[in-house]
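Undergrad: Got a predicted structure here, sequence first:
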2 protein chains.
Amino acid sequence: MTTATRLGRLGEEIIDRGLEGLFVTTLVNVRYLTGFTGSNGAVYVSGGGEAVFVTDGRYRDQAAAEVPDIEHVITRDLLGAMAERASGIELGIESHTLTVDAHARLAELLPSVALVPADRMVEHLRETKDAVEIDALRRACDISTRALLALLEGPLVGRTEREVARDLENRMFDLGAEAIAFETILAAGENTAIPHHHPTDRLLGTGDLLKVDFGARVDGYHADCTRTVVLGRADDWQREVHAAVRESQAAGLDLLREGVAVSDADASARGALEASGWLEAFTTGLGHGVGLEIHEDPFIAASHTGKLTSRTVLTMEPGIYVPGRGGVRIEDTVLVTPGAPEVLTTMTKDLLEIG
Amino acid sequence: MTTATRLGRLGEEIIDRGLEGLFVTTLVNVRYLTGFTGSNGAVYVSGGGEAVFVTDGRYRDQAAAEVPDIEHVITRDLLGAMAERASGIELGIESHTLTVDAHARLAELLPSVALVPADRMVEHLRETKDAVEIDALRRACDISTRALLALLEGPLVGRTEREVARDLENRMFDLGAEAIAFETILAAGENTAIPHHHPTDRLLGTGDLLKVDFGARVDGYHADCTRTVVLGRADDWQREVHAAVRESQAAGLDLLREGVAVSDADASARGALEASGWLEAFTTGLGHGVGLEIHEDPFIAASHTGKLTSRTVLTMEPGIYVPGRGGVRIEDTVLVTPGAPEVLTTMTKDLLEIG
């Protein structure tokens, strides 16, 4: 049982922290630990991993189907039901998401308990993916790249950014996506200079760069992929910028290995951009974990003090953005292993000249 | 200036509550007060309505464009920047959404200030819509109903729930929706008995009930509409259930007037279902406010102690759900006035027999 394994690991972590239990109130963490996909639920986990799942009456049937192996309480008073089952004098709370009001109510219900901020314990567990998760991520990435390849068969020139973005999304649905992973970023020409551009009515034209940052969601898991192509023949500037980003991405990807410091992967990708003279045109982050959330731990940054572990899934996405002119980003979702990372978004990174 | 008016009203409310300022950290409330549509921002509002808007460097240009008339601070430390500008000894916090960690940080930054839970002050202001908001809601509702009317021209029989749901969504985009307001609920046959059914690969067949709960989003504002039709000729049971829901909806709608107790509108719609013998088959809530959120205050319930005010926009959505057999829901988004409510989702509620 996947959820039993996850609860068991969390139970050990709870004990390691010197706590006797944890109130898991962050919905995505609840899903991770129980399988529950509804919009209102929580789970109390004891040191040792025993769990009580709570949700309201709307989700009675769904909870029975999705959470078969964990005790349920159906109630409108989620905190009350959890407090009743909790025992101990030092219990953890997810203080990074728990609201002040919810905290006040828990404190009132459990006056002799110390409610201890137990920051991101479940998020930390979620960094390392299990087989079920990797399979879902693989399928999401596969749908994504197949959809983009089909889209690039065209026609593209003469259609609007908005139309083409929707076309891509529809192709992901047709291939089995349950949802899109995030609002598609599809930018043409000078709009490619905007890192997180919203598609507009701008027409795609011959000679334009076309940047597409997109992904499918499958079983709750997100794919995240960016490719930048040229519509027609690439000019020298487009080739230069694309090559610089591609080198940077390769340099960063190469260090996404078990045991490597996250900050070293960051430095590697940045170093390549610095060597080609483009570092100042890179204005976003280099990458992030991907899983039940589109952006989750770990975030690739110079300030990150940790090392990469196998079975972490994350993105590497350097870019060059020149306001008014254009930009290029290349992004993959990859699986960290002891050796070279496994790229899940398997699609060429050659500069494609379309149509 | 719309945002100046909103800030002015909030400033007065802050004083009325005996506070000297409010930390507005709920993103949708920040949008309401400033116009900012990014994913990270906050605004400190003093008693009297002076405001300082804070966001991070990613949003420098967007903030300049969207929030032209309010002082900005660009920083990664939103709470720190707000705390620096706050003055007073009793300052409000949005305790229903502020996290325990953010609260702890504010308390550390402002050790001599009492941080007072000022529950849902902005949500309360948001219940009464201004002209700009009503216009956006009107456009969202108009797009929604036009899309459904076009969809119902068919063909429908032989296609899957999933396909038809996406077809409807694409039509809303084509008509100018910036997004769908929520995941479309489209159910055929026995699936109509599930109040919040997710579209499946079930084929639509002749004789089926078809229930569609959907809406477009325009300028951040959501439409919410449900119609239930029959594919082919309706049988007696379908007619009976549809008529009972329609009567209930009319009875509820009729009381959505300025000055009427919310609980009376609830009782009216329920009373009609009781009279027709179907009350037990109604298992959801009767309605909710609609605006920048798809579900917002006020929620129609027997326990609601308030009265309706003009310019509130909300839904009325009774239904009958018979597990294994089918169900009917009829829902409109309406604008409360001193007289009869103005129905924004203007589409017939006759039982349509399609194809």
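TA: Cool, got the structure.
Undergrad: Tell me which residue lies farthest from the centre of chain A.
TA: residue A:112 (38.3 Å; Cα atoms, centre = their mean).
Undergrad: Helix or strand for that one, just tell me which one.
TA: Under the criterion DSSP states H and E, no helix or strand holds residue A:112.
Undergrad: likewise residue A:140?
TA: Residue A:140 belongs to helix A:131-151, assigned by DSSP H and E.
Undergrad: gap between whichever helix or strand comes after that helix and the chain center?
TA: Note on helix A:131-151: by DSSP H and E, the next helix or strand toward the C-terminus is helix A:161-174. Its chain's C-alpha centre and that of helix A:161-174 lie 21 Å apart, by Cα atoms, centre = their mean, to the nearest Å.
Undergrad: the inter-axis angle of helix A:161-174 versus helix B:161-174?
TA: 170 degrees (axes from the mean of the first three to the mean of the last three Cα atoms, to 10 degrees).
Undergrad: Can you read off the pLDDT for the residue farthest from the centre of chain A?
TA: Reported pLDDT at residue A:112 in the predicted model: 96.
Undergrad: so how far is residue A:227 from it?
TA: Going from residue A:112 to residue A:227 by Cβ to Cβ, to the nearest Å gives 57 Å. Heads up, the C-betas are built off the backbone N, CA and C, glycines and all.
Undergrad: can you check residue A:221 too?
TA: From residue A:221 to residue A:227 the distance is 20 Å (Cβ to Cβ).
Undergrad: what helices or strands is the helix holding residue A:140 leaning on?
TA: helix A:161-174, strand A:209-214, strand A:216-218, strand A:221-222, strand A:225-231, strand A:313-316, strand A:332-335 (3 or more Cβ pairs under 8 Å, 6 or more residues apart in numbering or on different chains; DSSP states H and E).
Undergrad: gap between that helix and the chain center?
TA: When C-alpha coordinates are averaged (Cα atoms, centre = their mean), helix A:131-151 and its chain have centres 14 Å apart.
Undergrad: burial count for the nearest residue to residue A:261 once chain neighbours are set aside?
TA: Once flanking residues are discounted, residue A:261 sits nearest to residue A:307: 5.3 Å by Cβ to Cβ, 6 or more residues apart in numbering or on different chains. Neighbours of residue A:307 under the rule other Cβ atoms under 10 Å in any protein chain shown: 14.
Undergrad: What pLDDT is listed against residue A:307?
TA: Looking at residue A:307, its pLDDT stands at 97.
Undergrad: That one and residue A:259 touch, don't they?
TA: Yes: in this structure, residue A:307 is within contact of residue A:259 by Cβ atoms under 8 Å, at 5.7 Å.
Undergrad: ok, now which ones touch residue A:266?
TA: Neighbouring residues of residue A:266 by Cβ atoms under 8 Å, 6 or more residues apart in numbering or on different chains: A:252, A:286, A:300, A:301, A:302, A:304.
Undergrad: Sticking with it, tell me its helix or strand.
TA: Assigned by DSSP H and E, residue A:266 belongs to helix A:262-275.
Undergrad: and the next helix or strand after that helix, what does it pack onto?
TA: Under the assignment DSSP H and E, the closest C-terminal helix or strand after helix A:262-275 is strand A:287-289. Secondary-structure packing of strand A:287-289 (3+ Cβ pairs under 8 Å, 6+ apart): strand A:296-300, strand A:313-316.
Undergrad: Out of those, the one nearest chain B is which?
TA: strand A:296-300 (13.2 Å; Cβ to the nearest Cβ).
Undergrad: Adjacent strands (with direction) for that closest one?
TA: Strand A:296-300 pairs in its sheet with strand A:287-289 (antiparallel), by DSSP bridges.
Undergrad: Go ahead and measure how far the strand it pairs with is from the middle of the chain.
TA: 7 Å.
Undergrad: swap in stretch A:156-174?
TA: The answer for stretch A:156-174 is 23 Å, by Cα atoms, centre = their mean.
Undergrad: which parts of it are buried?
TA: Buried residues in stretch A:156-174, counting neighbours by 16 or more other Cβ atoms under 10 Å in any protein chain shown, are found at A:156-157, A:160-173.
Undergrad: For that stretch, give me every contacting residue.
TA: Counting by Cβ under 8 Å, 6+ apart, A:143-144, A:146-148, A:150-151, A:180, A:184, A:186-188, A:191, A:199-206, A:210, A:212, A:214, A:216, A:231-232, A:354-355, B:162, B:166, B:170, B:173 sit against stretch A:156-174.
Undergrad: State the number of residues packed around residue A:310.
TA: 15.
Undergrad: Residue A:134 too?
TA: Counted with other Cβ under 10 Å, residues neighbouring residue A:134 total 17.
Undergrad: Can I get the helix or strand hosting residue A:44 as PDB, trimmed to CA atoms?
TA: Assessed by DSSP H and E, residue A:44 sits inside strand A:41-46. What follows is strand A:41-46, C-alpha atoms only, in PDB (Å, rounded to 0.1, in the frame of the first residue of the first chain):
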ATOM      1  CA  GLY A  41     -10.200  17.000   4.200                       C
ATOM      2  CA  ALA A  42      -7.400  16.600   6.800                       C
ATOM      3  CA  VAL A  43      -5.500  13.800   8.500                       C
ATOM      4  CA  TYR A  44      -4.100  13.400  11.900                       C
ATOM      5  CA  VAL A  45      -1.000  11.200  12.000                       C
ATOM      6  CA  SER A  46       0.500   9.900  15.200                       C
END
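Undergrad: neighbouring contacts of it?
TA: A:7, A:10-11, A:14, A:20-25, A:27, A:30, A:33-34, A:51-55, A:59, A:63, A:70, A:78-79, A:82, A:85-88.
Undergrad: can you tell me how far residue A:300 sits from residue A:134?
TA: 19 Å.
Undergrad: related to what we said a few turns ago, show me the two of the buried residues of stretch A:156-174 that sit farthest apart.
TA: Distance extremes for these: the farthest pair is A:157 and A:173 at 24.3 Å, using Cβ to Cβ.
Undergrad: just to revisit the earlier point, so which of the helices and strands packed on strand A:287-289 is the most surrounded?
TA: The highest mean neighbour count among the helices and strands packed on strand A:287-289, using mean count of other Cβ atoms under 10 Å in any protein chain shown, belongs to strand A:313-316: a mean of 28.
Undergrad: The residue in the stretch 251-355 of chain A that chain B sits nearest to: neighbour count?
TA: Closest contact between the stretch 251-355 of chain A and chain B, by Cβ to the nearest Cβ, is at residue A:284 (7.8 Å). Neighbourhood size, residue A:284 [other Cβ under 10 Å]: 13.
Undergrad: Touching, it and residue A:319? I think so.
TA: Yes: using Cβ under 8 Å, residue A:284 is in contact with residue A:319, at 6.4 Å.
Undergrad: what touches both of those two?
TA: Overlap of the contact sets of residue A:284 and residue A:319 (by Cβ under 8 Å, 6+ apart) consists of residue A:195.
Undergrad: quick revisit: identify the residue nearest the residue of the stretch 251-355 of chain A closest to chain B in space, chain neighbours excluded?
TA: Nearest residue to residue A:284, sequence neighbours excluded (Cβ to Cβ, 6+ apart): residue A:195, at 5.0 Å.
Undergrad: What of residue A:25?
TA: Closest to residue A:25 by Cβ to Cβ, 6+ apart is residue A:42, at 4.8 Å.
Undergrad: how about the residues of chain A near chain B?
TA: Residues of chain A found near chain B (Cβ under 8 Å from any Cβ of the partner chain) are A:58, A:93, A:95-101, A:103-104, A:117, A:119, A:162, A:166, A:170, A:173, A:179, A:183, A:196, A:284.
Undergrad: Could you rerun that using 6 Å?
TA: By Cβ under 6 Å from any Cβ of the partner chain, the residues of chain A that approach chain B are A:95, A:96, A:97, A:98, A:99, A:100, A:101, A:103, A:166, A:173.
Undergrad: want to try CSV for the residues you listed, with pLDDT and secondary structure as columns?
TA: Converted to CSV, the residues of chain A next to chain B look like this (pLDDT from 0 to 100; DSSP: H, G, I helix; E, B strand; the rest coil):
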residue, pLDDT, secondary structure
A:95, 98, coil
A:96, 97, coil
A:97, 97, coil
A:98, 98, coil
A:99, 98, strand
A:100, 98, helix
A:101, 97, helix
A:103, 98, helix
A:166, 94, helix
A:173, 95, helix
